[in-house]
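Colleague: give the three-dimensional model of this entry:
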Amino acid sequence: MLKSIYRTIAIAQAATAANRLLQFTSPRMLEDMGIVKETFIADTIAKVQAEFDAEDAAKANKSVRKMVNHMINPNLAGAV
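Modeller: Just a heads-up that it's a prediction; the model follows:
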């Protein structure tokens, strides 16, 4: 539950930062940075969500490997 709250806050902060960047940056500067004003906030939120998803996938992969390692009996690993 706390992880969900933390992620919600992090995504909201990223959206707020993106919105402030758009408010205080001229269209010329945005163009120079390669930022499309219409999709920048959504893109920023998607990037943060992708980072969280990648972190979850890495943690799930690690736990599966750990589980498999515990299932294999090292005394019998080469017996077959």
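Colleague: distance of the spatially most central residue of the chain from residue 7?
Modeller: Geometric centre of the chain, nearest residue: residue 51, 1.3 Å, by Cα atoms, centre = their mean. Plainly put, residue 51 is 10 Å away from residue 7 if you go by Cβ to Cβ, to the nearest Å. In short, each C-beta sits where N, CA and C put it, glycine included.
Colleague: can you check residue 45 too?
Modeller: 11 Å.
Colleague: swap in residue 28?
Modeller: Distance, residue 28 to residue 7, using Cβ to Cβ: 34 Å.
Colleague: name the residue in the two with the higher neighbour count.
Modeller: Between residue 28 and residue 7, counted using other Cβ atoms under 10 Å, the more crowded position is residue 7 (16 against 8).
Colleague: show me what the longest helix along the chain packs onto, helices and strands only.
Modeller: With secondary structure taken from DSSP state H, the chain has its longest helix at helix 40-71. In terms of contacts (3 or more Cβ pairs under 8 Å, 6 or more residues apart in numbering; DSSP states H and E), helix 40-71 is packed against helix 2-24.
Colleague: low-scoring stretches of the chain, by residue?
Modeller: For the chain, the stretches flagged by pLDDT under 70 are 72-80.
Colleague: could you redo the last one with a cut-off of 90?
Modeller: 1, 3, 56-80 (pLDDT under 90).
Colleague: what's the spacing between residue 36 and residue 3?
Modeller: Residue 36 sits 31 Å away from residue 3, going by Cβ to Cβ.
Colleague: buried ones in stretch 4-23, by neighbour count?
Modeller: Across stretch 4-23, burial judged by 16 or more other Cβ atoms under 10 Å covers 7, 11, 14, 18, 21.
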